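Colleague: Provided below are the primary sequence and the corresponding predicted coordinates.
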Protein chains: 2
Amino acid sequence: MPSVFDTSALATFVNCKHTSRVYPPGSILFSEGDAPNALHILDSGRAKMFGSTSRGKTFITKIAHPGELLGLNAVILGKPYLLSVEAMEPSRVSHVLRDDFLTFLRKSPEASRQVILQLSANYYDSQREVRTLNLSSSVPEKFARLVVSWVEDSDAGGGDAVWINMDLTHEQIGQMLGASRETISRVISTLSRAGVLAIKGHVLEIPSLVRLREMAKL
Amino acid sequence: MPSVFDTSALATFVNCKHTSRVYPPGSILFSEGDAPNALHILDSGRAKMFGSTSRGKTFITKIAHPGELLGLNAVILGKPYLLSVEAMEPSRVSHVLRDDFLTFLRKSPEASRQVILQLSANYYDSQREVRTLNLSSSVPEKFARLVVSWVEDSDAGGGDAVWINMDLTHEQIGQMLGASRETISRVISTLSRAGVLAIKGHVLEIPSLVRLREMAKL
DNA sequence: ACGTCACAGTGACCGCCGTCACATACCGAT
DNA sequence: ATCGGTATGTGACGGCGGTCACTGTGACGT
């Protein structure tokens, strides 16, 4: 599971100062380049974190889950956000003004501890991602690694066969792996034919985790 | 410049508890997968931070400069290092045992503040790197971005023409960009011929930063 | 039932770049 | 000067995957 901020430490603070809002799917919480005026706390729903070029190409770095602090490091550093965040589902988001957050941080050692943990975890994940991106040349390999990470993040039973929910489009997967939509289609076809995968509606069946893992060369 | 930890906050602590050692070039400070028993502080020299596959392929994520805390997030989380670190020059490195560091952190709010800043900066850089890797398909583009980052990190005068020192081999550059040595060679040749670059010994001359930047599509 | 729209599968083509192979060039040690 | 090792330039070739173009399919509204 992606690290989730333990909100208990922030509770009193949040109760005093936060504003809160529900965003419909597809709406943008903030965009890359924006000044980090407030910390965003994702209370419910999932959100897509992505960057894009001037020429429309976009890449998704991660999917944020409830409890995450969005743009934490940008807020701390006072530098512009590097990513845009878009709600994928109706999402409740709390806001804490940057200055309020910083003074709170200074006062609460417990909050500092939590922030350190959250940042470390974020950085750790990010390093893993860089590693994955760099070391796997082929798209099938990257795809396999992505699926493995899904399995690890899910509460799948310990068996060798696993089912997980896949509600991302091929396009989105492509944007996560730096590959085109068509290539993802083909990769899935091939793996399907090879028996490593089976698609049933929105459910992805993996008959053998072992085989998947050896595809991922992990 | 890569963020440098302000060692003043740690000074008293370091003075009591640290051990210190000089590593010759090529020696390994720690390897990916190792348990994070101690925090490493790079006092002098530069170090290569890299990961590698079982099959010998390696990638360099960054070059550490004096003052940096190595493996900070792994130490905090207590998870294995994700990267190996190798001295590129004779390097003096201080060590602080994990437990000592953690208790110190708990006691000193100032140190917490510094660690938060360092982690944020690391994460910020890492995000930028992911962005760069993902958004640029072609190697020339990635290369241009790398050089731009070198220029920004250097103290180059504000002019449009710039000289910087390049003491990495093509092989190493390739490992930073996820490209082969030969490709780097060819890219440099091409850019040279196109007049975007000129190599004189170990000095890289960039006649026009503007042209370089537009190559990088930034 | 039908049109619309987003998503998905598949073929054709071709350019980038990894790989193999070999020719230099450089540099320090003897 | 000579030699060995490491770094670099360049050609040939082939494969992966991006792009274009089209078709198939399911969901949803009318």
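Modeller: Okay, I see it.
Colleague: which parts of the longest helix that chain A contains are buried?
Modeller: Ranked by residue count, the top helix of chain A under DSSP state H comes out as helix A:109-135. Residues of helix A:109-135 classed as buried under the neighbour-count rule (16 or more other Cβ atoms under 10 Å in any protein chain shown) are A:109, A:111-127, A:129-135. From N, CA and C alone the C-beta is placed, and that goes for glycine too.
Colleague: now do stretch A:185-197
Modeller: Result for stretch A:185-197 [16+ other Cβ under 10 Å]: buried residues A:187-188, A:191, A:196-197.
Colleague: packing partners for the host helix or strand of residue A:93?
Modeller: If you go by DSSP states H and E, residue A:93 is part of strand A:91-97. Packing partners of strand A:91-97 (3 or more Cβ pairs under 8 Å, 6 or more residues apart in numbering or on different chains; DSSP states H and E): helix A:11-17, strand A:19-23, strand A:38-44.
Colleague: weakest of these in terms of mean pLDDT?
Modeller: The minimum mean pLDDT among these belongs to helix A:11-17 (a mean of 54).
Colleague: that older thread, how distant is the longest helix of chain A from the center of its chain?
Modeller: 12 Å (Cα atoms, centre = their mean, to the nearest Å).
Colleague: now it against helix B:109-135, angle please.
Modeller: Counting by axes from the mean of the first three to the mean of the last three Cα atoms, to 10 degrees, helix A:109-135 points 30 degrees away from the direction of helix B:109-135.
Colleague: can you tell if helix A:109-135 touches chain B?
Modeller: Yes: Helix A:109-135 reaches chain B (Cβ under 8 Å from any Cβ of the partner chain) through A:109, A:112-113, A:115-117, A:119-124, A:126-131, A:133-135.
Colleague: toward the C-terminus, what is the element adjacent to that helix?
Modeller: Heading C-terminal from helix A:109-135 (DSSP H and E), you reach helix A:139-153.
Colleague: parallel or antiparallel, list what pairs with the helix or strand that comes right after that next one.
Modeller: Sequence-wise, the next helix or strand downstream of helix A:139-153 (DSSP H and E) is strand A:162-165. Strand A:162-165 sits in its sheet next to strand A:203-206 (antiparallel), going by DSSP bridges.
Colleague: shouldn't residue A:77 be in contact with residue B:116?
Modeller: No: between residue A:77 and residue B:116 there is no contact under Cβ atoms under 8 Å: 9.7 Å.
Colleague: what sits closest to residue A:147 if chain neighbours are left out?
Modeller: Excluding the flanking residues, the one nearest residue A:147 by Cβ to Cβ, 6 or more residues apart in numbering or on different chains is residue A:212, at 6.3 Å.
Colleague: what of residue A:75?
Modeller: Once flanking residues are discounted, residue A:75 sits nearest to residue A:36: 4.4 Å by Cβ to Cβ, 6+ apart.
Colleague: sec struct for that neighbour, please.
Modeller: Three-state call for residue A:36 (DSSP: H, G, I helix; E, B strand; the rest coil): coil.
Colleague: rewinding a little: for the buried residues of stretch A:185-197, which one is nearest DNA strand C?
Modeller: Using Cβ to the nearest atom of the strand, residue A:188 comes nearest to DNA strand C of the buried residues of stretch A:185-197, at 5.3 Å.
Colleague: show me which residues of chain A are close to DNA strand C?
Modeller: Counting by Cβ under 7 Å from any atom of the strand, chain A comes close to DNA strand C at A:137, A:169-171, A:181-182, A:185-186, A:188-189, A:199.
Colleague: and which of the residues you listed is nearest to DNA strand D?
Modeller: residue A:182 (3.8 Å).
Colleague: how far off centre is the strand or helix carrying the closest one?
Modeller: Assigned by DSSP H and E, residue A:182 belongs to helix A:181-193. Averaged C-alpha coordinates place helix A:181-193 at 23 Å from its chain's average position (Cα atoms, centre = their mean).
Colleague: send the alpha carbons of it over as PDB?
Modeller: Taking Å, rounded to 0.1, in the frame of the first residue of the first chain, the C-alpha atoms of helix A:181-193 are listed here in PDB:
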ATOM      1  CA  ARG A 181      -2.000   2.800 -26.300                       C
ATOM      2  CA  GLU A 182      -1.600   0.400 -29.200                       C
ATOM      3  CA  THR A 183       1.500  -1.200 -27.700                       C
ATOM      4  CA  ILE A 184      -0.300  -1.900 -24.500                       C
ATOM      5  CA  SER A 185      -3.100  -3.500 -26.400                       C
ATOM      6  CA  ARG A 186      -0.600  -5.700 -28.200                       C
ATOM      7  CA  VAL A 187       1.300  -6.600 -25.000                       C
ATOM      8  CA  ILE A 188      -1.900  -7.600 -23.300                       C
ATOM      9  CA  SER A 189      -3.000  -9.700 -26.300                       C
ATOM     10  CA  THR A 190       0.300 -11.500 -26.300                       C
ATOM     11  CA  LEU A 191       0.400 -12.200 -22.600                       C
ATOM     12  CA  SER A 192      -3.200 -13.400 -22.800                       C
ATOM     13  CA  ARG A 193      -2.300 -15.800 -25.600                       C
END
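Colleague: now do that helix against helix A:139-153, angle only.
Modeller: Using the same axes, to 10 degrees: helix A:181-193 against helix A:139-153 is 70 degrees.
Colleague: lovely, talk soon.
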